[in-house]
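Sequence and predicted structure, then a few things I'm wondering about:
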Amino acid sequence: MSTAVKLLIMFLACAGAAIAIFIAIAYSTHLVPRDQHEVQRRGYAIRGRWFLGLLIFLAASFAASIPFYPYLSATAALAPARKVPVIAEQYAFIMPSHLPVDKPIIFEVTSRDVNHDFGIYNPQGHLVAQVQAMPDYTNYLRVVFREPGLYTARCLEYCGIGHAIMAKTFRVGGK
């Protein structure tokens, strides 16, 4: 089934649900009027059930997404890693030109002048990891490069007139 057909079916289902809701509301106007106190009591009861349902849904969503959080597990954080200092300055990154493949690396990223962002792109041009580079502060970025090749570090935060040329290429694997 093509994407267009799936979208059409989804649109028709949503439109049908909206029409059904409008018909239900129109039908409810022909019922016998009720006392304001009774309507208010029912409204608060419905609101309480909706809130409880929303709370349960959010808690379940939170619990289901915990395994996918991008934070390091305690055992991964304890594994030995090579520490690589990275200094960002207008308009360059000072860092090694060769890094190992399949070895944990912790980039210690800081800045000499203004805020920068240290973004690492793989050989295909996809963003692999990124962290903020700030003056007088060191951020740590743990990365394991799984494929060898020529990677590029780029500044992802506008840092001045030379921002567009702020890049550093480095080789992963090989000599």
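Looks like it came in fine.

Show me the shaky parts of this structure.
By pLDDT under 70, the weakly predicted segments of the chain are 70-79, 175.

Please enumerate the strands of it.
Remark: strands assigned in the chain by DSSP state E are 82-89, 92-94, 98-99, 104-111, 116-121, 127-133, 139-144, 149-155, 167-172.

between the fourth one and strand 116-121, how big is the angle?
Think strand 104-111. Orientation check (axes from the mean of the first three to the mean of the last three C-alpha atoms, to 10 degrees): strand 104-111 against strand 116-121 gives 150 degrees.

same for strand 104-111, what does it pack against?
Applying 3 or more C-beta pairs under 8 Å, 6 or more residues apart in numbering; DSSP states H and E, one finds that strand 104-111 contacts strand 82-89, strand 127-133, strand 139-144. Where you see a C-beta, it was placed from the backbone N, CA and C, and this is true even at glycine.

got these as CSV, with mean neighbour count and distance to residue 11 columns?
Supplementary listing: those in CSV, determined by neighbours: other C-beta atoms under 10 Å; distance: least, C-beta to C-beta, whole Å:
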stretch, mean neighbour count, distance to residue 11
strand 82-89, 17, 48
strand 127-133, 18, 33
strand 139-144, 16, 43
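
what would these look like in a markdown table with distance to residue 158?
Below are the helices and strands packed on strand 104-111 laid out as a markdown table (distance: least, C-beta to C-beta, whole Å):
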| stretch | distance to residue 158 |
| --- | --- |
| strand 82-89 | 13 |
| strand 127-133 | 13 |
| strand 139-144 | 18 |
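
of those, which approaches residue 2 most closely?
strand 127-133 (30.6 Å; C-beta to C-beta).

Out of the helices and strands packed on strand 104-111, which is closest to residue 102?
Nearest to residue 102 among the helices and strands packed on strand 104-111 is strand 139-144 (6.7 Å), distances taken as C-beta to C-beta.

List the strands paired with that closest one, with their directions.
Strand 139-144 pairs in its sheet with strand 104-111 (antiparallel), by DSSP bridges.

what angle separates the strand it pairs with from strand 127-133?
Using the same axes, to 10 degrees: strand 104-111 against strand 127-133 is 40 degrees.

Show me the one of the helices and strands packed on strand 104-111 that comes nearest residue 61.
Short answer: strand 127-133, nearest of the helices and strands packed on strand 104-111 by C-beta to C-beta, at 25.6 Å.

Many thanks, I have nothing further to ask.
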